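In: give me a 3D structure for the following:
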Amino acid sequence: MKKFFYFLLALPLVFAACENTEEPKPEVKDPVLNVTETTLDFVAEGAEGTIHYSVENAVEGTEVEATCAAEWVTNLTVAENITFVVEANEGEARETSIVVAYGDLQKSVAVKQAAKGEEPKPEYAMDVKLAAAQRYASSEFGLSD
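Out: Predicted coordinates for the structure are as follows:
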């Protein structure tokens, strides 16, 4: 009877020893690269440009990189934002792309520059003209927003 009693006392120890003592590993999410701009338009005289980006679920030791094959895009610098200089254009309209990379992730931003003596044609030109017309009408007829 004593042996049976000792057996019953030892039984909880056996179950306690079999419990999983590993802590669950935190869920690791894949990084996500977000780039605000898809196309940037520049005048022929050249200018400085900025690309806004963010990285979600960043991986330690991995940095954002930016590259461009065109010689007329210079001073490509990656910091809080990506900055660069578009040199003056003395010829025809031209276009290239800046590739923003984070590890295996890549986003491409088109860079377009107008020909000498030509204004760039941004995709939002119609919205700008409409807004200007509305401002003119408001001031001309005493209307307010």
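
In: quick one: residue 117 is in a helix?
Out: No. Applying DSSP: H, G, I helix; E, B strand; the rest coil, one finds residue 117 to be coil, outside a helix.

In: use 25 as the first number from now on
Out: Sure, I'll start counting at 25 from here, so that last one is residue 141.

In: so it sits against residue 68, correct?
Out: Yes. Here residue 141 reaches residue 68: they are 6.8 Å apart, a contact under Cβ atoms under 8 Å. Just so you know, the C-beta spots here come from the backbone N, C-alpha and C atoms, and that holds for glycine as well.

In: more neighbours: which of the two?
Out: Looking at residue 141 and residue 68 with other Cβ atoms under 10 Å, you find the greater number of neighbours at residue 68, namely 21 against 7.

In: what number of residues lie near the closest residue to residue 127 other than its chain neighbours?
Out: Excluding its sequence neighbours, the residue lying closest to residue 127 (Cβ to Cβ, 6 or more residues apart in numbering) is residue 86, at 4.9 Å. With neighbours defined by other Cβ under 10 Å, the count for residue 86 comes to 14.

In: repeat for residue 74
Out: 11.

In: try residue 98
Out: For residue 98, using other Cβ under 10 Å, the count is 12.

In: helix or strand for it, which one?
Out: strand 97-102 (DSSP states H and E).

In: check which element follows that strand along the chain.
Out: Next element after strand 97-102 (DSSP H and E): strand 106-110.

In: can you list the neighbours in contact with that following strand?
Out: 66, 70-75, 77, 88, 90, 92, 96-101, 122, 124, 135, 137 (Cβ atoms under 8 Å, 6 or more residues apart in numbering).

In: let me see the ranges of the helices in this protein.
Out: Using DSSP state H, the helices of the chain run over 26-41, 149-164.

In: any weak-confidence spans in the chain?
Out: Within the chain, the ranges that satisfy pLDDT under 70 run 25-45, 143-169.

In: thinking again about what came up before, got the CA coordinates for the strand holding residue 98 in PDB?
Out: Provided in PDB are the C-alpha atoms of strand 97-102 (Å, rounded to 0.1, in the frame of the first residue of the first chain):
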ATOM      1  CA  VAL A  97      20.700  62.100 -62.100                       C
ATOM      2  CA  THR A  98      23.400  62.900 -59.500                       C
ATOM      3  CA  ASN A  99      24.000  63.100 -55.800                       C
ATOM      4  CA  LEU A 100      21.600  60.200 -55.000                       C
ATOM      5  CA  THR A 101      21.500  60.100 -51.200                       C
ATOM      6  CA  VAL A 102      19.500  57.800 -48.900                       C
END
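
In: this completes my enquiry, with thanks.
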